[in-house]
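**Student:** Sequence first, then the predicted structure:
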Amino acid sequence: MQWVWMGYFVILATFVGSNVYRFFVPGEQTHLYFTILYSFDPIFLLNYLVNLCQITLNIIHLIPVLLYVFRVRVFNPKFWQYLLILRLIFDLFGHSFEINFLKSLYYHNIKVFLFVLAQSIFVYIPSYIACYRYGFERDKLFSQNEIKEQ
C-alpha cells in the first residue's frame, strides 16, 4: 500500500509544483491575472496574498503526506491539526483565478467544466485524508498492532 501512496505523492507534488510555477513565473496565466488585477486597484493585493497563502500551505502539506506514508512522527499533532484547518480555509478562499477560469469554462462547455472541476477537487482528496489521519488520528495510526506493508 505504501507504493500507492508514494505514487499519489508524486502526482500531488507535480500538481502543486505546476500551481507554484504558474503563480510565480511572469507570462503564465495565473501570474498575469494577479498582475492585471492589482493594476486596477491595490485592494486586489488581498486576493494575491490569500492565493499565496494557499499555495504555501499546499507546499507545506506535502510534508505530512510523506510522514503519513512512512509513519514518522514529527511535531505535536496540534501543529498539524491547526495547519490542516488553515489549509482548508485558504483552499476555500484562495482560488480567485481558478474560480473565474471555471466560470468561463461553465459558460463555454459544461462537460469540460465538470471534468476540470472534478480533476481539481479529486487530486486533493487523498491528501486531505492523509493529513487528517496524521493530525487527528495519530494514536490509531501509530498503534503497535498496525502491520506495515513495504
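**Tutor:** Nice, thanks for sending it over.

**Student:** And residue 133, which helix or strand is it part of?
**Tutor:** Secondary structure assignment for residue 133, by DSSP states H and E: helix 125-136.

**Student:** May I have stretch 2-11 as PDB, with CA atoms only?
**Tutor:** What follows is stretch 2-11 as a C-alpha-only set of coordinates in PDB (Å, rounded to 0.1, in the frame of the first residue of the first chain):
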ATOM      1  CA  GLN A   2       3.000   2.300   0.600                       C
ATOM      2  CA  TRP A   3       3.900   2.400  -3.100                       C
ATOM      3  CA  VAL A   4       0.400   3.600  -4.000                       C
ATOM      4  CA  TRP A   5       0.700   6.500  -1.600                       C
ATOM      5  CA  MET A   6       4.200   7.300  -3.000                       C
ATOM      6  CA  GLY A   7       2.700   7.300  -6.500                       C
ATOM      7  CA  TYR A   8       0.000   9.600  -5.200                       C
ATOM      8  CA  PHE A   9       2.600  11.800  -3.600                       C
ATOM      9  CA  VAL A  10       4.400  12.200  -6.900                       C
ATOM     10  CA  ILE A  11       1.200  13.200  -8.700                       C
END
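
**Student:** Give me the most central residue, the chain.
**Tutor:** residue 58 (4.0 Å; Cα atoms, centre = their mean).

**Student:** The residue nearest to it when sequence neighbours are not counted and residue 79: what is the separation?
**Tutor:** Leaving aside its sequence neighbours, residue 58 sits nearest to residue 16 (Cβ to Cβ, 6 or more residues apart in numbering; 4.9 Å). No exception for glycine: its C-beta is placed from N, CA and C like everyone else's. To residue 79, residue 16 is 20 Å away according to Cβ to Cβ, to the nearest Å.
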